[in-house]
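[1] Build me a structure from this.
(chains A and B)
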Amino acid sequence: MLPPPLTKRRTDGTLYQRPPEVEAALAKVLELSRAQVITALSIRERQDPRYIPSECLVHLLRHTRWDRREPYFEHLYKALMDRIYRAVPCIGHRIDGRIGVDLSHSRVREQVRDIFQEALLRDQAEPGHRLDFFEARFAAGIAKLRATAKKKIWREAGRQESLEPVNESGDLSLEVERAAGSLDTPAAEIWDDPRYRSRLEAAIDALPPEQSRIIGMLRAGIPMDSTELDAVTIRKILNCAEKTVRNRRDAAIRALRRMLGLEDQR
Amino acid sequence: MTAPPTPDVDDVLEAFASEPSTDDATLGTYIRRYPQFALALTDFAHELRLTTLAEEHASAPDSEWQAESWRRFVRGAEAVSAASPPTVADPFIDITPGQLAEIRRHLNVPTAVLNGFRDRLVLPSSVPKRFLARLSEVLNTGLDQLLAFLDLPPRVGPAASYRADTAPKVNNEKISFEVLLDQAMITPERRRALMQE
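    Prediction:
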């Protein structure tokens, strides 16, 4: 069966499209009976050929008429909640730098669930293109919701202050330069070691947003400042002094090294 | 010649997510190309990395999370339907005077009886099922839709809107089918026949 096309349009008028692999998976899923779908929902290993990708799950959920007496919808909904549960773990670096269940992560998960649920309810009441992004790229849709949820929680918690004392002199100590070097250079120990990867991402996630964004942009090769007038720089993006960018970066590096247990390895 | 439309932040994030690789180099390219969305892109790329990493690790399902999420959805759905009850289509809205005359002849009732249905004055439970079925058929609507329409409160008929000297008032009391037939001065013989339908 040919899956129906998405209806969301980009500003240039072109339609959103599912990636070919999602389109193919959905065509297969649409051939299944409801009983077969329910059986397949219990498969959680993504490598299993019977696994239903989350994008297809969103499609089935949107096209199943909501009826509380209809157990099929409940099966689909709970399976999708499991996918959200997996995609937004609540174990990470806590604000004190230790690893454990972080209440703010737990709230992010709940916020993501609630925002998605509201979008689904509106989609049920008035079908549109609100969830098209999730039907095309579920992980990207969840990533957007995570970013939205975090901003809301940061605002509520007033978590805009740096956790680390900021060196206002603007002079970088040798040790901070070394640490920064380890984060700037792709060939460095942390970036290349797969054992560090998920720990590093979780540690960056624990930083205050103004620090994690600087780290993110540095990793993407955006310079802190430049003498070239038309260069895109972190200073211009954040609309602040170069010294402020450096201070925040230094604070971030110190916090990351501490969270990753690298303080004594220099 | 008009300039191509400027992409919005959703377009840019979607384009970034559609790239074969969403690594740091791709993020750098996008930040340089769309500096106005640099922070949204940086946040999005960070969350995408975290989401992808999390999805790779199969955690055990949490049935309490699923059950609680389901309860919240049911509550939310109930709130939505309470706030905006489903709209009921008016089966009389597109009926032309000619069609109305045809319906009147088909059901063998005067206009006053049809007006009683149009203005939802009749108690649906008092109308014989056979008559309701015939009425829904000639109105080209389903029996359920017709009953849902008749269940709504009485309304002011189109005629009342220009005939009355003062603002028309609606009597919220509904009347039985038998009373309607009586008020429409249907002969006792015809009334008995209609009530037996």
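[2] residue furthest from the geometric center of chain B?
    Largest separation from the mean C-alpha position in chain B: B:Ala25, at 48.4 Å (Cα atoms, centre = their mean).
[3] Ignoring the adjacent residues along the chain, who's closest to that one?
    Nearest non-adjacent residue to B:Ala25, counting by Cβ to Cβ, 6 or more residues apart in numbering or on different chains: A:Gly221, 7.1 Å away. The way it works is simple: take the backbone N, C-alpha and C, and place the C-beta from them, glycine included.
[4] who touches that neighbour in this structure?
    Contact analysis of A:Gly221 by Cβ atoms under 8 Å, 6 or more residues apart in numbering or on different chains lists B:Asp24, B:Ala25, B:Gly28.
[5] nearest to chain A, of those residues?
    The closest of the contacts of A:Gly221 to chain A turns out to be B:Gly28 (Cβ to the nearest Cβ; 3.8 Å).
[6] Using the three-state scheme, assign the closest one.
    Following DSSP: H, G, I helix; E, B strand; the rest coil, B:Gly28 is assigned to helix.
[7] low-scoring stretches of chain A, by residue?
    Counting by pLDDT under 70, the ranges of chain A that qualify are A:1, A:65-69, A:91-104, A:158-195, A:263-266.
[8] I'd assumed the residue farthest from the centre of chain B was in a helix, is it?
    Yes: applying three-state DSSP, one finds B:Ala25 inside a helix.
[9] State the pLDDT value of it.
    We have a pLDDT of 95 for B:Ala25.
[10] And stretch A:213-225, what's buried?
    A:Arg213, A:Ile214, A:Ile215, A:Gly216, A:Met217, A:Leu218, A:Arg219, A:Ala220, A:Ile222, A:Met224 (16 or more other Cβ atoms under 10 Å in any protein chain shown).
[11] so which of those residues also contact chain B?
    A:Arg213, A:Gly216, A:Met217, A:Arg219, A:Ala220, A:Ile222 (Cβ under 8 Å from any Cβ of the partner chain).
[12] What residues does the fifth one make contact with?
    Put plainly, it is A:Ala220. Per Cβ under 8 Å, 6+ apart, neighbours of A:Ala220: B:Asp24, B:Ala25, B:Leu27, B:Gly28, B:Ile31, B:Thr42, B:Ala45.
[13] leaving aside the residues next to it on the chain, what's closest to the third one?
    Read it as B:Leu27. In space, and not counting its chain neighbours, B:Leu27 is closest to A:Ala220: 4.1 Å by Cβ to Cβ, 6+ apart.
[14] ok so, going back, give me the subset of the ones next to chain B among the buried residues of stretch A:213-225 lying in helices.
    Using DSSP state H, the subset of these located in helices is A:Arg213, A:Gly216, A:Met217, A:Arg219.
[15] which element follows the helix or strand of chain B with the lowest mean pLDDT toward the C-terminus?
    Counting by mean pLDDT, DSSP states H and E, chain B has its least confident helix or strand at helix B:160-163, which shows a mean of 41. Note on helix B:160-163: by DSSP states H and E, the next helix or strand toward the C-terminus is helix B:177-183.
[16] so where do the helices sit in the stretch 51-200 of chain A?
    Ranges of helices within the stretch 51-200 of chain A are A:54-62, A:71-87, A:103-125, A:132-136, A:138-157, A:174-184, A:189-192, A:194-206, based on DSSP state H, counting those that start in this stretch.
[17] what's the nearest residue to B:Val80 if we skip its chain neighbours?
    Counting by Cβ to Cβ, 6+ apart, B:Val80 lies nearest to A:Leu121, which is 5.3 Å off, once chain neighbours are set aside.
[18] surely that neighbour meets B:Glu78?
    No: A:Leu121 lies out of contact with B:Glu78 (Cβ atoms under 8 Å); the separation is 10.3 Å.
[19] between these two, who's got more neighbours?
    More neighbours surround A:Leu121 than the other of A:Leu121 and B:Glu78, with 17 against 11 (other Cβ atoms under 10 Å in any protein chain shown).
[20] residues touching that one, list them.
    By Cβ under 8 Å, 6+ apart, the residues touching A:Leu121 are B:Phe73, B:Gly76, B:Ala77, B:Val80.
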